[in-house]
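# Dropping the sequence and predicted coords here.
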Amino acid sequence: MKKIGLEIVALSHSVTQSHNYAVVLGEIVGNRRLPIVIGGFEAQAIAVAMERMTPNRPLTHDLFKNTLDTFDINLKEVVINNLLDGIFYAQLVCERDGQEFIIDSRTSDAIAMSVRFKSPLYTFDFIMEQAGVVLEDDDTMKKSAKSIITDEARPDSFDQYSVKALNQMLEDVLENEDYEKAAKIRDEINKRKTSED
């Protein structure tokens, strides 16, 4: 089967599923787009890599990349290789000393790794036929992708979250000992409390 080259066109809140995001992949040669619903953490992992931000401590995808680098394993390409019952499947095609290895992966994780390794991203025509869409106004989408990545998915932008969500985030980051982020979340909560008084 002939592989179709893809690139990330947009990262946005999912219209169909609340608390989720959609990464929109576009054909490098062609005008079809492939929207894939992903979780918030995966969206953040992709956005952090696209914006070349450096977290205080490595995210899981950074840790995995560092591990592969340590053992001289290169991520040659990522292939979104199947679509079953609305779920996308992906593979990491890795190479070491001329030998190729294929590792199954969630699609969102595979995309996050592709961005970190700057490796090509592919799918097959039957997947584009089943789940692809044709978008007319691609320039608008590219502009919105940039603003979404820089504003909404940025890990230290909290103004779009509710106080309840901020309190949950605060618990999570304290559990992970990310005290710098915890201080920023606490400041946002306090700012909201002050404005309500």
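Done, it's in. From a predicted model like this one, the values you see are computed outputs, not experimental measurements.

# what about the helices in the protein?
Using DSSP state H, the helices assigned to the chain run over residues 40-50, 60-70, 107-117, 125-131, 138-147, 163-175, 179-196.

# same for the second one, what does it pack against?
The one in question is helix 60-70. helix 40-50, strand 74-84, helix 107-117 (3 or more Cβ pairs under 8 Å, 6 or more residues apart in numbering; DSSP states H and E). For every residue, glycine as well, the C-beta is placed using N, CA and C.

# Of those, flag the one that's most buried.
helix 107-117 (a mean of 24; mean count of other Cβ atoms under 10 Å).

# about what we covered before: could you export the helices and strands packed on helix 60-70 as a markdown table, including mean pLDDT?
Compiled in a markdown table, these are given as follows (pLDDT from 0 to 100):
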| stretch | mean pLDDT |
| --- | --- |
| helix 40-50 | 87 |
| strand 74-84 | 97 |
| helix 107-117 | 96 |
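
# Mean pLDDT lowest where, among the helices of the chain?
By mean pLDDT, the lowest-scoring of these turns out to be helix 138-147, with a mean of 42.

# List the beta-bridge partners for I38.
Note on I38: beta-bridge partners by DSSP bridges are Y21.

# of the helices and strands packed on helix 60-70, which approaches K164 most closely?
Evaluated with Cβ to Cβ, these place helix 40-50 nearest to K164, the distance being 14.9 Å.

# May I have that closest one as CSV, with CA atoms only?
Extracted in CSV, the C-alpha atoms of helix 40-50 (Å, rounded to 0.1, in the frame of the first residue of the first chain):
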residue,chain,number,x,y,z
GLY,A,40,-5.7,16.9,27.0
PHE,A,41,-2.3,15.5,28.3
GLU,A,42,-1.5,14.2,24.8
ALA,A,43,-2.4,17.6,23.3
GLN,A,44,-0.2,19.3,25.8
ALA,A,45,2.7,16.9,24.9
ILE,A,46,2.3,17.6,21.2
ALA,A,47,2.0,21.4,21.8
VAL,A,48,5.1,21.5,24.1
ALA,A,49,7.2,19.8,21.4
MET,A,50,5.8,21.9,18.5
